[in-house]
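> Sharing a sequence plus its predicted fold:
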Amino acid sequence: MSSNPEFVRIFDTTLRDGEQSPGCSMTPQQKVVMARALAELGVDIIETGFPASSQSDRDATAQIVRELRHTTLAVLSRCLPGDIQASARALEGAASPRIHVFLSTSPLHREHKLRMSREQVLDSIGTHVAMARRYVDDIEFSPEDGTRTEEDFLHEAVAVAIAAGATTINVPDTLGYTTPEEIRGLFERMIGNIPGARDVVFSAHCHNDLGLAVANSLAAMEGGARQIECTINGIGERAGNAALEELVMALKVRNAFYDIDTRIDTRRLVPTSQLLQRLIGMPVQRNKAIVGQNAFAHESGIHQHGMLRNRSTYEIMNPSDVGWPDTKMVLGRHSGRAAVGHRLRALGYTMEDEQLDQVFARFKELCEQQRVVEDDDLERLIDGGVVGQGYRLSSMTISDRGQRASAQVELSDPDGRRISESALGDGPVDALFAALSNATGVKLSLESYSVHSVGLGADAQGEAALSVHHEGVEYQGTGTSRDIIEASALAWLDVANRILRRQPAATPGLDSRASA
């Protein structure tokens, strides 16, 4: 097997290492759904789990084996006969099975975890790799904590694994400790000096403790690695693993530099990321590379002006290449006149410079009241219309009665009238949102909700952020207050008021619309 094919194999361990991340566990059924998506994405090897660790992993692997027939399926195994036998049983019937055997090799792990000598570690590697090879032909060996292992001993361990039948050698940066220069040199020396190294595939498995997982993976590839182990959204132990989407797009966008590619269908990156987020309930940060909500969003006036002239001024890839529908021009207080004018033209309005100046001035005033200006807001500004404040929170009372909570809210409606409503819910926030819905008549489907602290000490405030769906449209709202429940109410009203402004009204500035 050549160590230098024209592509890098993508070994996805979302279902194994990724699932070990706190809060990211999946049921067997969820793993099957995710495995299907990974196969459609074009992943070369899917690590389905660690069969010896749980019945759930055994069940998930068995179901995936029955369903996926065109992707290599790997399972993890310690250097223990029972683990290897459990792995072999889990892979029975697989079209392309792989057993992934690992054993710690670093001095710290040998002394404190294994309590084994160098000789004992080498004997165990040889014995258990050979045992696994008797069950399947495709064997991967990983010297755990490989980047903190003495290099001479690492070479010995890898040589023993190759002699015993390993077909892939994976060197894990288990603690995310190495640097790109170090790991590049390490792979170059291993491939150049270890007997049999050019007959196997070398792989890198980098953790992100110092934020270098993708950089280290790319450097390992420059050193000769032709398999990279990674996860969707970078989930995994502690700070996570190398993010598949970042790694793949680095190779695609900088192909002239790396001169090597993957077999991933990059248009499925965003849908696959979003599927994982829904399955485990862990959203990625908005500014996450490639798959974050802001990855192709522009609010700065300078950036928007450049994008309107030529999108390459501020984007190095097309959003459609990774699964986003298009670039988002977000209109907010950092936006400039050019972006506002462009959006108005897209809505069908034509106007002279003086008219646009007037609308832009009103736009900047509105930006002091709300973070994002929507299309309907712009339309109301064309003839000098002022976007109303909408519903305002006057007071609220929350009572938590154990299994059920109640909330009573008093609002001031857009015309200044007072409205009071109450509701029960499964907790204070659920009751609060139900009461607000009763008061405004707006029904929202909550997708995600979070609160965090803004500031430090006595001046700290709570900021609530939520994502909702209403009639097939997604909205985000935020609210800030010293009281997190009040901040939650303000975030909910932030969305509700924007929805209410979209309700049918007399179309302003009709005579200024461009003719069809």
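Everything's here; your move.

> List of residues touching the lowest-mean-pLDDT helix or strand in the chain?
Taking mean pLDDT, DSSP states H and E as the measure, the chain has strand 328-329 as its least confident helix or strand, at a mean of 72. With contact meaning C-beta atoms under 8 Å, 6 or more residues apart in numbering, strand 328-329 is reached by 296-298, 304, 307, 335, 339, 342-343. Any C-beta I mention is one placed from the backbone N, CA and C, and that applies to glycine too.

> mind running it again at 10 Å?
293-299, 303-304, 307-308, 319, 335, 339-340, 342-343, 346 (C-beta atoms under 10 Å, 6 or more residues apart in numbering).

> With stretch 425-437 instead?
Here stretch 425-437 has contacts from 391, 393, 396-401, 403-411, 420-424, 442-444, 446, 449, 451, 464, 466, 468, 484-486, 488-489, 491-493, 496, using C-beta under 10 Å, 6+ apart.

> Out of the contacts of strand 328-329, which sit inside strands?
The strands in this structure, assigned by DSSP state E, contain 297-298 from the contacts of strand 328-329.

> Pull out the buried members of the contacts of strand 328-329.
293, 295-299, 303-304, 307-308, 319, 335, 339-340, 342-343 (16 or more other C-beta atoms under 10 Å).

> Between those residues, which sits nearest Glu182?
Taking C-beta to C-beta as the measure, Glu182 lies nearest Ala295 of the buried ones among the contacts of strand 328-329, at 29.8 Å.

> Identify the residues contacting the spatially most central residue of the chain.
Nearest residue to the geometric centre of the chain (C-alpha atoms, centre = their mean): Asn233, 3.1 Å. The contact partners of Asn233, taken as C-beta under 10 Å, 6+ apart, are 14, 18, 21, 24, 240-241, 243-246, 272-274, 276-277, 280, 282-284, 288, 290-292.

> Repeat the analysis, applying 6 Å as the threshold.
Shown in contact with Asn233 (C-beta atoms under 6 Å, 6 or more residues apart in numbering): 273, 276, 284.

> For the helix or strand containing the first one, list the C-alpha coordinates in CSV.
What that stands for is Ser273. Assigned by DSSP states H and E, Ser273 falls within helix 269-280. Provided in CSV are the C-alpha atoms of helix 269-280 (Å, rounded to 0.1, in the frame of the first residue of the first chain):
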residue,chain,number,x,y,z
LEU,A,269,-20.3,19.9,5.4
VAL,A,270,-22.9,22.3,6.7
PRO,A,271,-25.8,19.9,6.7
THR,A,272,-23.7,17.2,8.4
SER,A,273,-22.5,19.7,11.0
GLN,A,274,-26.1,20.8,11.7
LEU,A,275,-27.3,17.2,12.0
LEU,A,276,-24.7,16.6,14.7
GLN,A,277,-25.7,19.7,16.5
ARG,A,278,-29.3,18.6,16.6
LEU,A,279,-28.4,15.0,17.6
ILE,A,280,-26.3,16.0,20.6
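
> Now do the buried residues in it.
Neighbour-count burial for helix 269-280 [16+ other C-beta under 10 Å]: 269-277, 279-280.

> ok, those vs Leu378, which is closest?
Val270 (27.5 Å).

> tell me the helices in the stretch 151-300 of the chain, going along the chain?
151-164, 180-193, 213-222, 244-253, 255-258, 269-280 (DSSP state H, counting those that start in this stretch).

> same question for the host helix or strand of Val409, mean pLDDT?
Secondary structure from DSSP H and E places Val409 in strand 405-412. Here strand 405-412 scores 93 as its mean pLDDT.

> Show the subsequent helix or strand relative to it.
strand 418-425.

> now that next one: mean pLDDT?
Mean predicted confidence for strand 418-425 is 94.

> Pairing partners for it, with directions?
strand 405-412 (antiparallel) (DSSP bridges).

> Correct me if wrong: Arg16 contacts Glu47.
Yes - with contact defined as C-beta atoms under 6 Å, Arg16 reaches Glu47; the gap is 4.3 Å.

> where in this structure is pLDDT low?
1-5, 299, 383-389, 402, 454-459, 501-516 (pLDDT under 70).

> just to revisit the earlier point, and the contacts of stretch 425-437, which are buried?
Going by neighbour count (16+ other C-beta under 10 Å), the contacts of stretch 425-437 have 391, 393, 396, 398, 405-411, 421-423, 442, 444, 449, 451, 464, 466, 468, 484-486, 488-489, 491-493, 496 buried.

> just to revisit the earlier point, I'd like the helices of the stretch 151-300 of the chain written out as a markdown table, with distance to Gln369 added.
Listed next are those as a markdown table, based on distance: least, C-beta to C-beta, whole Å:
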| stretch | distance to Gln369 |
| --- | --- |
| helix 151-164 | 61 |
| helix 180-193 | 47 |
| helix 213-222 | 40 |
| helix 244-253 | 36 |
| helix 255-258 | 46 |
| helix 269-280 | 31 |
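
> Quick one: closest of the ones you listed to Ile10.
Using C-beta to C-beta as the measure, helix 244-253 is the one of the helices of the stretch 151-300 of the chain that comes nearest Ile10, at 6.6 Å.

> And that closest one, what's buried?
Quick answer for helix 244-253 (16+ other C-beta under 10 Å): 244-252.

> packing partners for it?
Here helix 244-253 touches helix 213-222, going by 3 or more C-beta pairs under 6 Å, 6 or more residues apart in numbering; DSSP states H and E.

> Let me see the residues that make contact with the helix it packs on.
8, 173, 178, 180, 183-184, 187, 204, 206-207, 228, 242, 246-247.

> now do stretch 112-122
Stretch 112-122 is contacted from outside by 104, 110, 153, 160, using C-beta under 6 Å, 6+ apart.

> Highest neighbour count among the residues you listed?
Ser104 (24 neighbours; other C-beta atoms under 10 Å).

> returning to that earlier point: adding distance to Val330, write the contacts of helix 213-222 out as CSV.
Formatted as CSV, those follow (distance: C-beta to C-beta, whole Å):
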residue, distance to Val330
Val8, 35
Asp173, 37
Thr178, 38
Pro180, 34
Ile183, 38
Arg184, 39
Phe187, 42
Ala204, 37
Cys206, 33
His207, 34
Ile228, 34
Ala242, 29
Glu246, 23
Leu247, 28
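
> that older thread, need the max-distance pair from the buried ones among the contacts of strand 328-329.
Ala295 and Val340 (22.9 Å).

> gap between the nearest residue to Glu67 once chain neighbours are set aside and Ala62?
The shortest distance from Glu67 to any non-neighbouring residue, by C-beta to C-beta, 6 or more residues apart in numbering, is to Val32 (6.5 Å). Here Val32 is placed at a distance of 10 Å from Ala62 (C-beta to C-beta, to the nearest Å).

> Ok, Ser467 next?
On the measure of C-beta to C-beta, Ser467 and Ala62 end up 36 Å apart.

> In this structure Val160 contacts Ser124, no?
No - Val160 is not in contact with Ser124 according to C-beta under 6 Å; the separation is 9.5 Å.

> Surely His469 is within a strand?
Yes - judged by DSSP: H, G, I helix; E, B strand; the rest coil, His469 forms part of a strand.

> Excluding covalently adjacent residues, which one is nearest to it?
Ser445 (4.4 Å).

> What is the burial count for the one you found?
11.

> same check, this time on His70
7.
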